[in-house]
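A.B. asks: Have a look at this prediction, sequence included:
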Amino acid sequence: MLRWSFIIAILFLFGCKSANQITQRNHLLFSIEKGPCFGTCPEYKIEVYSNGEARLKGIRNVEHIGEFKTQLPAEFIQEITNSIKALDVAALDSNYVNKYLTDFPATDLEFEINGVKKRIHIFHESPPQEIQKVLDVINGFENRIKWDFSTQSNQ
């Protein structure tokens, strides 16, 4: 019985290592999620993965509602990775909130660079300069992604 427990434990550890290696090869580079407001603020989520896959979920007040996917070229993924590393997002605060705002769309950012995950919540009309620089870079990439709106993702 002890022998079987040992063998199962070894198999489990190797299985976890293999799954972890696969996850590290294809991970989320960044996501940006724009939240709702009482007006016509665009509400959507974009995710970009290290293998070049990009996903868009249009929710409200955007031209295309639904879930869409595209494949980004390797050069574009490398440019995104280099830009995020240069911004040093790991050193930024996790929350930028103006508690006096009542109706403003929140922005949630998520990054994973070199195995380090960082989530940033922004509910502020004019965040600090360093976070505005991150938003400008992400918006620049977001605007350069070419989506195929003729086919929807099946997720």
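C.D. replies: Arrived safely. Since the structure is predicted, the reported quantities are computational estimates derived from the model, not experimental observations.
A.B. asks: Tell me where the chain has helices.
C.D. replies: 2-25, 74-87, 129-144 (DSSP state H).
A.B. asks: Give me the mean pLDDT for the longest one.
C.D. replies: Looking at helix 2-25 alone, the average pLDDT works out to 46.
A.B. asks: Okay, now the unreliable bits of the protein?
C.D. replies: Along the chain, segments meeting pLDDT under 70 span 1-25, 151, 153-155.
A.B. asks: Contact partners for residue 59?
C.D. replies: 36, 43, 44, 45, 65 (Cβ atoms under 8 Å, 6 or more residues apart in numbering). Placement of C-beta: from N, CA and C, glycine included.
A.B. asks: spatially speaking, which residue is in the middle of the chain?
C.D. replies: residue 31 (1.8 Å; Cα atoms, centre = their mean).
A.B. asks: Please look at that one and residue 44 and confirm they touch.
C.D. replies: No: using Cβ atoms under 8 Å, residue 31 makes no contact with residue 44, being 10.7 Å away.
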